[in-house]
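In: sharing a model prediction with you, sequence too.
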6 protein chains.
Amino acid sequence: MLLHLCTWLEVETYLTQSQGIILPIGSTEQHGPTGLIGTDAICAEVIAKGVGETTRALVAPTINVGMALHHTAFPGSMSLRPSTLILLIQDYVTYLAQAGFTKFFFINGHGGNMATLKAAFVETYAALAHLNVPNADRIQCKLANWFMCGSVYQLAKDLYGNQEGSHATPSEVALTQYVYPEFIKHVPLEPPVAPAGRPIYGAIDFRRAYPDGRMGSNPALATPEHGKQLYEAAVKELSTAYLEFLNKD
Amino acid sequence: MLLHLCTWLEVETYLTQSQGIILPIGSTEQHGPTGLIGTDAICAEVIAKGVGETTRALVAPTINVGMALHHTAFPGSMSLRPSTLILLIQDYVTYLAQAGFTKFFFINGHGGNMATLKAAFVETYAALAHLNVPNADRIQCKLANWFMCGSVYQLAKDLYGNQEGSHATPSEVALTQYVYPEFIKHVPLEPPVAPAGRPIYGAIDFRRAYPDGRMGSNPALATPEHGKQLYEAAVKELSTAYLEFLNKD
Amino acid sequence: MLLHLCTWLEVETYLTQSQGIILPIGSTEQHGPTGLIGTDAICAEVIAKGVGETTRALVAPTINVGMALHHTAFPGSMSLRPSTLILLIQDYVTYLAQAGFTKFFFINGHGGNMATLKAAFVETYAALAHLNVPNADRIQCKLANWFMCGSVYQLAKDLYGNQEGSHATPSEVALTQYVYPEFIKHVPLEPPVAPAGRPIYGAIDFRRAYPDGRMGSNPALATPEHGKQLYEAAVKELSTAYLEFLNKD
Amino acid sequence: MLLHLCTWLEVETYLTQSQGIILPIGSTEQHGPTGLIGTDAICAEVIAKGVGETTRALVAPTINVGMALHHTAFPGSMSLRPSTLILLIQDYVTYLAQAGFTKFFFINGHGGNMATLKAAFVETYAALAHLNVPNADRIQCKLANWFMCGSVYQLAKDLYGNQEGSHATPSEVALTQYVYPEFIKHVPLEPPVAPAGRPIYGAIDFRRAYPDGRMGSNPALATPEHGKQLYEAAVKELSTAYLEFLNKD
Amino acid sequence: MLLHLCTWLEVETYLTQSQGIILPIGSTEQHGPTGLIGTDAICAEVIAKGVGETTRALVAPTINVGMALHHTAFPGSMSLRPSTLILLIQDYVTYLAQAGFTKFFFINGHGGNMATLKAAFVETYAALAHLNVPNADRIQCKLANWFMCGSVYQLAKDLYGNQEGSHATPSEVALTQYVYPEFIKHVPLEPPVAPAGRPIYGAIDFRRAYPDGRMGSNPALATPEHGKQLYEAAVKELSTAYLEFLNKD
Amino acid sequence: MLLHLCTWLEVETYLTQSQGIILPIGSTEQHGPTGLIGTDAICAEVIAKGVGETTRALVAPTINVGMALHHTAFPGSMSLRPSTLILLIQDYVTYLAQAGFTKFFFINGHGGNMATLKAAFVETYAALAHLNVPNADRIQCKLANWFMCGSVYQLAKDLYGNQEGSHATPSEVALTQYVYPEFIKHVPLEPPVAPAGRPIYGAIDFRRAYPDGRMGSNPALATPEHGKQLYEAAVKELSTAYLEFLNKD
């Protein structure tokens, strides 16, 4: 169930049965010469829909722009500052919590969002403790990174070995190829496997270190068929994780 | 061209030809017993895509959650506070401006966003004046509300007369029916035409005044075919508006 | 009754009879070669006093500096950023609401304040919902722009036709002439009717488009006698509007 | 010269001769059973006008609402939070500094503003250091409290001895009586001299400690004639102080 | 008792007997050619420990970095902006107040902190009034500047006369020499007594006015033995002040 | 070299040789029935001093209070909100960067700080890019958690096996015992090994899940001798890490 395609009466009914909601969050940032700028949002969204269908959970609209400041030296990259994203998360959770939701399951497609999301969760718990919100001390936010699922990780390793890398990876590119086969891009990658290992600091520094945007990856290995396998692994594992989260006290 | 489906190299090329970008913004809020919660985002997004195709303009990802605090007494409604939305817009514009974009055309699907967006634009101009951003004094943001297009307004009047109302209107519902015919909802509306005229204050007050969420409207009049006509009128008129905006100094 | 000239005991008594208060808000910004920098504040203040006398309502001190960022390329213009003005409004309303006021009637003299004020009102309703404030869900803020009164608009049209324009208008200049006849300025205006039609973006852009600060107006047409008529029309119409606001649920 | 009664062309001319400006700041807060709620703003404003006339300095519009949170348990009191007032001061100074002003002389009528103003000044200096503002490192803000002038202090002591107190003092009440003789209030004060000595904490605590709002004062001693003397002393002393401030590097 | 060296069980027991806590706050800023950068924090901390021992009060960890923006043109100086320090104080007080503390005694070693601390206290009282905190209207913060103790002031005058000055004073340097005799620095001071009298504006201006960082002082007069005397005077006087604060309603 | 014990002249000299600085950050929070509330700050500080001595690096004053909102249901715990800590870090780095520092090495003693610190770093890089700071694009912040050093981790595993746990661990308690042998606390722990595995949400939830504050640990195993070994391992490993960080581009 996509929240966007429900009426408020349907949500009212849903809340009598479940207080859980899935929130996909991605990013809008460069993914190397061949990766789509929307890669992280596309992956998070499609997997969230799959998990929602599997578990009959409500799925909120995707947070398309995340924390990608370090990518902003590449044109087309967008970002919220961490402080803005914290406020956004706080607003999202607050008004849904007011309506009765207590279990917030964030399916995340971007490593760069993780720290800010964790900070946002604690900021939100502390704020809710002082607001007139029902069950404030029962509200729980969980961060679920699809690319860190055990099954996904293993599959990527099997498929790409040490050419998976950490940004503009063949696994995430494959997933977008599965979703949008008509948008597969062909650009020669030089070197085939991008440099790796340099820590991330500011945006200009990032582009100096990683001139075409990739980090340690060879996305030319990606295929739509891989994407389908990765999608299915992620949906399966995160569906289980969501139901466990929902059913724990 | 959807930004999400481009690579950064494609955006780099695009910027050599145009510095304009279209940003759809909607809302995630109750739209009466039969309107989809995502109505405003769905409408803004589909029209923005249409305008993007017509004008060969780049279209950013949709801002799905807008300023809908007054709807938050209905479950499923989400909102940013105005202060959060101002920061979000500032971040969106700042990092795209850094890359060279100067013309920001916001296609808006929600009346409640208008005041905050205007405030955000001036806040952003003032902030950019002090940042290291190229052409800071040439950056222009324009608010284009699809539902206020002359042709759309006339068409809605012809189709629905004084049953158009101002929230959960048949015209916006029709547009979502055109996009998602499989999600047409059937719930009896009582009274058929919702009450109208009460100004909007806080969320609890809103629900007291408008108990099923509609304002002055009879969305039962909507049909997917109307939606198609409204879509085409909006895309045509906003395409012209975008090109004028782009070509003016 | 001006709040500034009351004691707290008098306010305590007033609150037993009315929970309404009038808040004038203007701006401190250039008004062309002959308009006073305080035009918008002067107009809002004098009309608010008139409405207060007519309706026996309490009138708060004038917010002299509003949102005029787009005028700040002209010396002497002052402005709050929208985000600052939102906080200011929130503070004003919160502490008066704590004392028991519930009806806040803002008499506004500056078009540039409108969007930010509307954003501020919703931000404030949402904040009050979480504070320990009596009747938080009954608090109502209303924006009343004197220059948009039907009677004022008609009078300005009759007096100035299409030379009224939209900034440094003869009608607002006339009103300041009525209040401060000793401060009527005489500077040749060239062209007599200022350029019009260019949308407003940042401050530098504004001055490029409107080099002497006027927008579409010919303030040389203004006379103190016109000002008196405009004043009387505005006070009459806004007094009625205030009483309606006060008496509605 | 009142900024409100100037045109921007006059300010442009003024700036060729002086970069100084006087900013009156008061408060809107209870002043005991007989003191006007606007006392601090009235005093600051009238003295600022006097100093402006004496020194031919430009005088900005009065900041009517200051930092008076500790008075907000008395109806009619208004306040900005310190954090809001800091932003307001920063905005005031920034846009005037952009136009070329460098010497900001705040004539203050309220002890409760002092700490926040000092904090605001340093916050502003640090912010300006990073903005595109001319002469950022030459911008100076000075706090001038009229009630702390040596001559005023001596006069109050001569007139009222130890019945001057520290809030709703006969000296400030006298000054408002001089300005508004038609608004002299007559309410029996019991005890004649209010309690004193308790430090100030929150608003509820303040009202517990000082039930009628006065602190250590007997404002029944005030006369309009005293007010005139106090006014003249303050204007004389602050005019000298302003000129010294203006002329120092 | 140092909070850092307690367990939470010990704090729980302490709270059954006292609701008071001492919070040392200093600064990390230049103190002239011979003064330690940590002077203000070292002094506040050691005196707070002494007062804690004398009065059996709990002592929180030292706020090492305060408001020293005006010193930041000298390398090694650190600072919070006033707006940041206000938030920090609010957080410190809020979570201790939630646990039951009501009496917050700040022992301060830096004049530059005073205004911001006072602003922070009122901001905090107002915020607490709206949070779910026990005894919100009984919470009291007190600012105790060791260098403004009567006994300290007299001692400094006796020891140093008019060479005490106001920054990098021999008295504060002496106190650090008493605490860290192995870190006494020897650099020729030229002139022996630093210039004085110039008001403080921004950081660059400060360094222009006070080129080696000292203000009116001759710290070469300091000795560890003086430091011991100053320490004992401060501890004695502030211990009395703390107990009075604790025992007043 | 401790910054607190240097003069600004010494820092000026230091900067000609190195642009690196070490910043210890801990927390002030419950550490179970026997762990010191200052555990995380004590550990970070002592190790930072050791690394500073080994590498001749400057060490800034310890950030004693970190992000520990989830511990605030235990008395004596203090915390900054993530949003406050982000501002604090931004201020720390900004003013040191202005003086010429470019390499910021944070030695961290608290897992709960990690997400917020990472968010703070990116927020800071983005802010610095727009400030007048030398080498803004060369500024690098590195997070070094002493408890995650490979050698420390191995030693803890050898010493405590699966009784190390994740909060109030024997290894951190041992380190504080080594530093403060006179503050070893003896309280019976029941059960000896605390419960584990429950994710962390809000403060009240934390205390429900972990009633005495420990997570999965048995701190009764700690000895001062272990603490010494852990200290030496951490200093050695982090000294190497600091020098590598310093010497990389």
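Out: Yep, it's here.

In: what is the neighbour count of the closest residue to residue A:57 other than its chain neighbours?
Out: Spatial nearest neighbour of residue A:57, excluding adjacent residues (C-beta to C-beta, 6 or more residues apart in numbering or on different chains): residue A:22 at 5.2 Å. To be clear about C-beta, it is placed using only N, CA and C from the backbone, and glycine gets the same treatment. By other C-beta atoms under 10 Å in any protein chain shown, 27 other residues sit near residue A:22.

In: from what I see, residue A:22 and residue A:103 are in contact.
Out: No. Residue A:22 is beyond contact range of residue A:103, at 9.4 Å (criterion: C-beta atoms under 8 Å).

In: surely residue A:155 is in a helix?
Out: Yes. Counting by DSSP: H, G, I helix; E, B strand; the rest coil, residue A:155 falls inside a helix.

In: list the contacts of it.
Out: A:171, A:229-230, A:233 (C-beta atoms under 8 Å, 6 or more residues apart in numbering or on different chains).

In: now it: how far from residue A:36?
Out: Here residue A:155 is placed at a distance of 20 Å from residue A:36 (C-beta to C-beta, to the nearest Å).

In: excluding sequence neighbours, find me the nearest residue to residue A:104.
Out: Excluding the flanking residues, the one nearest residue A:104 by C-beta to C-beta, 6+ apart is residue A:141, at 4.4 Å.

In: could you do residue A:184 as well?
Out: Counting by C-beta to C-beta, 6+ apart, the residue nearest residue A:184 is residue A:177, at 5.2 Å.

In: my guess is the one you found contacts residue A:171. True?
Out: No. Using C-beta under 8 Å, residue A:177 is not in contact with residue A:171, being 10.6 Å away.

In: hey, what's in contact with both of these two?
Out: Common neighbours of residue A:177 and residue A:171, using C-beta under 8 Å, 6+ apart, are A:222, A:226.

In: so these two - more neighbours on which side?
Out: Taking neighbours as other C-beta under 10 Å, residue A:177 and residue A:171 compare with residue A:171 leading, 28 against 24.

In: quick one, phi/psi of residue A:20?
Out: phi -100, psi 150 (degrees, to the nearest 10).

In: gap between the closest residue to it other than its chain neighbours and residue B:89?
Out: Nearest residue to residue A:20 in three dimensions, chain neighbours excluded: residue A:103, at 3.9 Å (C-beta to C-beta, 6+ apart). Distance, residue A:103 to residue B:89, using C-beta to C-beta: 30 Å.

In: how many other residues sit next to the residue in chain A positioned nearest to chain D?
Out: Sorted by distance to chain D under C-beta to the nearest C-beta, the residues of chain A start with residue A:83, at 15.3 Å. If you count neighbours by other C-beta under 10 Å, residue A:83 ends up with 24.

In: please look at the residue nearest to residue A:20 and residue A:244 and confirm they touch.
Out: No. Residue A:103 lies out of contact with residue A:244 (C-beta under 8 Å); the separation is 10.9 Å.

In: quick one: contacts for residue A:132?
Out: C:129-130.

In: A helix includes it, no?
Out: No. Using three-state DSSP, the assignment for residue A:132 is coil, not a helix.

In: just the pLDDT for it.
Out: Looking at residue A:132, its pLDDT reads 78.

In: same check on residue A:69?
Out: For residue A:69, the model assigns a pLDDT of 98.

In: cool, residue A:249 as well?
Out: For residue A:249, the predicted pLDDT is 86.

In: that one: what's it in contact with?
Out: By C-beta under 8 Å, 6+ apart, residue A:249 has no neighbours at all.

In: the residue nearest to residue A:104 against residue F:201, yeah?
Out: Yes. Assessed by C-beta under 8 Å, residue A:141 is found in contact with residue F:201 at 7.3 Å.

In: in chain A, which spans are helices?
Out: A:8-17, A:39-55, A:82-99, A:114-128, A:150-160, A:170-179, A:203-209, A:224-247 (DSSP state H).

In: returning to that earlier point: of residue A:103 and residue A:244, who's got more company?
Out: residue A:103 (20 against 10).

In: what's the neighbour count on the nearest residue to residue A:3 once chain neighbours are set aside?
Out: In space, residue A:3 comes closest to residue A:60 once its chain neighbours are excluded; the distance is 5.0 Å by C-beta to C-beta, 6+ apart. Using other C-beta under 10 Å, residue A:60 has 28 neighbouring residues.

In: then residue A:193?
Out: Neighbours of residue A:193 using other C-beta under 10 Å come to 18.

In: if we can go back for a sec, how far away is the residue nearest to residue A:184 from chain F?
Out: 29 Å (C-beta to the nearest C-beta, to the nearest Å).

In: same deal with residue A:37?
Out: 19 Å.

In: state the distance from the nearest residue to that residue once chain neighbours are set aside to residue A:176.
Out: Nearest non-adjacent residue to residue A:37, counting by C-beta to C-beta, 6+ apart: residue A:76, 5.0 Å away. Counting by C-beta to C-beta, the separation of residue A:76 from residue A:176 is 15 Å.

In: and what of residue A:146?
Out: In terms of C-beta to C-beta, residue A:146 sits 13 Å off from residue A:176.

In: now do the shared contacts for those two.
Out: The contact sets of residue A:146 and residue A:176 overlap at residue A:43 (C-beta under 8 Å, 6+ apart).

In: chain A against chain C: which residues are in contact?
Out: Residues of chain A found near chain C (C-beta under 8 Å from any C-beta of the partner chain) are A:130-132.

In: just these now: which is nearest chain B?
Out: Distance to chain B, by C-beta to the nearest C-beta, is smallest for residue A:132 among the residues of chain A next to chain C, at 11.2 Å.

In: so what does that closest one look like in phi/psi?
Out: When read as degrees, to the nearest 10, the backbone of residue A:132 gives phi -80, psi 70.

In: got it, and residue A:65?
Out: Dihedral angles of residue A:65 (phi, psi; degrees, to the nearest 10) stand at phi -110, psi 120.

In: which pLDDT value goes with it?
Out: On pLDDT, residue A:65 comes in at 98.

In: and residue A:189, how many neighbours?
Out: Quick note: residue A:189 (other C-beta under 10 Å) scores 17 neighbours.

In: swap that for residue A:149, please
Out: 22.

In: find me the pLDDT at the nearest residue to it once chain neighbours are set aside, would you?
Out: Closest residue to residue A:149 apart from its sequence neighbours, by C-beta to C-beta, 6+ apart: residue A:237 at 4.3 Å. For residue A:237, the pLDDT comes out at 98.

In: look up how far chain F lies from residue A:237.
Out: Here residue A:237 is placed at a distance of 17 Å from chain F (C-beta to the nearest C-beta).

In: same check on residue A:145?
Out: 13 Å.

In: what's the burial count for that residue?
Out: If you count neighbours by other C-beta under 10 Å, residue A:145 ends up with 20.

In: who does it form a beta bridge with?
Out: When assigned by DSSP bridges, residue A:145 has beta-bridge partners residue A:108.

In: got the contact list for it?
Out: A:108-109, A:111, A:114.

In: can you check residue A:135 too?
Out: Contacts of residue A:135 by C-beta under 8 Å, 6+ apart are A:97, A:102.

In: recalculate using a threshold of 7 Å.
Out: Contact analysis of residue A:135 by C-beta atoms under 7 Å, 6 or more residues apart in numbering or on different chains lists residue A:102.
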